[in-house]
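structure for the following, please:
(4 chains)
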Number of protein chains: 2
Amino acid sequence: MKLINQLSKETGLPIATIRFYEKSGLFKGQKKKGNTTNNYTYYDDAVSEKLYLIRDAKSVGFTLSEIKELIDALYSKRISKSRKIEILNAKLLQINEKIKELNGVKKQIAYLKSEVEKYDC
Amino acid sequence: MKLINQLSKETGLPIATIRFYEKSGLFKGQKKKGNTTNNYTYYDDAVSEKLYLIRDAKSVGFTLSEIKELIDALYSKRISKSRKIEILNAKLLQINEKIKELNGVKKQIAYLKSEVEKYDC
DNA sequence: TATAAGTATAAAGTATACTTCATACTTTAT
DNA sequence: ATAAAGTATGAAGTATACTTTATACTTATA
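Now for the predicted structure:
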């Protein structure tokens, strides 16, 4: 079980950002039970996994609410299996869409680059 | 030459958004010269192209300032050819990165989906 | 010809995603 | 044992990317 500092070093995300994500309901840490002196929050490996997913999904244009929907579909116990599969399939389609768009943009830039190479001075 | 309404219909972007992009320096329309009665702005096909590029690049996680840099590298006359090529190559690398990340996220989701299918009830 | 629809502009407002600040307590290092 | 570093929490502040509002003028349509 990790403290927030370790989580931050692992993922490269600032502590404040991790706190913000937790507050946004993307995952939850745990408080230690019993007569402890402090109020620290502990995180397990599943949280790290979610943070990596958040980080990568964000960088390719998913919003936090889309990512929350995704994480819920993957881990929540209050969503039926069939509904989960439904959501996950939709996300996979969305990802394929994004890959198509990226290839489109790439092609466009490559073409325009060749134009720049040919004519521009 | 098109008016903003036509541009909006073409690209699916709201008029206010197009105005915002123009104000942000992503492209420029032209005013008609001479003794005209109105103050309308006209746009050519190059602007449409830029808007499509903006739309797609945004949806895959590029920020407006990254997109501005890209558009400047493609169309500006105040940037040297070698510098343009440099910027364009960097953008192409960034796109390859994003494609990699997307495939990573896709793989991860597909894997977790198979887990959901196996064990979840 | 009037009225509805389109265009221009500036400014204020909103949503998202953080980031910083202030305060207070806990743990670690010297 | 005390100073430095880590953690918690709530609130305020900031950046980006729009979106809405208000006002005024122009063009198209019934």
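
and DNA strand C, is the longest helix seen in chain A touching that?
In terms of residue count, the longest helix belonging to chain A (DSSP state H) is helix A:81-119. No: with C-beta under 7 Å from any atom of the strand as the criterion, DNA strand C is not reached by helix A:81-119; the gap is at least 14.4 Å. Every C-beta, even on glycine, is put in place using the N, C-alpha and C of the backbone.

average model confidence for that helix?
The pLDDT scores in helix A:81-119 average 95.

from the chain's centre, how far out does that helix sit?
How far helix A:81-119 lies from its chain's middle: 18 Å, per C-alpha atoms, centre = their mean, to the nearest Å.

who does it touch, helix- and strand-wise?
In terms of contacts (3 or more C-beta pairs under 8 Å, 6 or more residues apart in numbering or on different chains; DSSP states H and E), helix A:81-119 is packed against helix A:64-75, helix B:45-59, helix B:64-75, helix B:81-119.

at 6 Å instead, please
helix A:64-75, helix B:45-59, helix B:81-119 (3 or more C-beta pairs under 6 Å, 6 or more residues apart in numbering or on different chains; DSSP states H and E).

got the angle for the shortest one vs helix A:45-59?
Put plainly, it is helix A:64-75. Orientation check (axes from the mean of the first three to the mean of the last three C-alpha atoms, to 10 degrees): helix A:64-75 against helix A:45-59 gives 140 degrees.

what angle separates helix A:64-75 from helix A:81-119?
Using the same axes, to 10 degrees: helix A:64-75 against helix A:81-119 is 130 degrees.

how about the helices and strands packed on helix A:81-119 in JSON lines, adding mean neighbour count?
Listed next are the helices and strands packed on helix A:81-119 as JSON lines, based on neighbours: other C-beta atoms under 10 Å in any protein chain shown:
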{"stretch": "helix A:64-75", "mean neighbour count": "18"}
{"stretch": "helix B:45-59", "mean neighbour count": "19"}
{"stretch": "helix B:81-119", "mean neighbour count": "15"}
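
can you tell me how far the most centrally placed residue in chain A sits from chain B?
By C-alpha atoms, centre = their mean, chain A has its centre lying nearest to A:I54, at 1.1 Å. A:I54 sits 10 Å away from chain B, taking C-beta to the nearest C-beta, to the nearest Å as the criterion.

ok, A:F62 next?
When A:F62 is compared with chain B (using C-beta to the nearest C-beta), they lie 8 Å apart.

state the helix or strand in which that residue lies.
Under the criterion DSSP states H and E, no helix or strand holds A:F62.

residues near it, how many?
Using other C-beta atoms under 10 Å in any protein chain shown, A:F62 has 23 neighbouring residues.

quick check on it: phi, psi?
Dihedral pair for A:F62: phi -80, psi 140, per degrees, to the nearest 10.

read off the pLDDT value for it.
Per-residue pLDDT puts A:F62 at 97.

excluding its backbone neighbours, what's nearest it?
In space, and not counting its chain neighbours, A:F62 is closest to A:L70: 7.6 Å by C-beta to C-beta, 6 or more residues apart in numbering or on different chains.

and the one you found, what pLDDT?
In this model, A:L70 is scored at 96, pLDDT.

now do it against DNA strand C, distance only.
Per C-beta to the nearest atom of the strand, to the nearest Å, A:L70 is found 12 Å from DNA strand C.

same check, this time on A:N96
Using C-beta to the nearest atom of the strand, one obtains 21 Å as the distance from A:N96 to DNA strand C.
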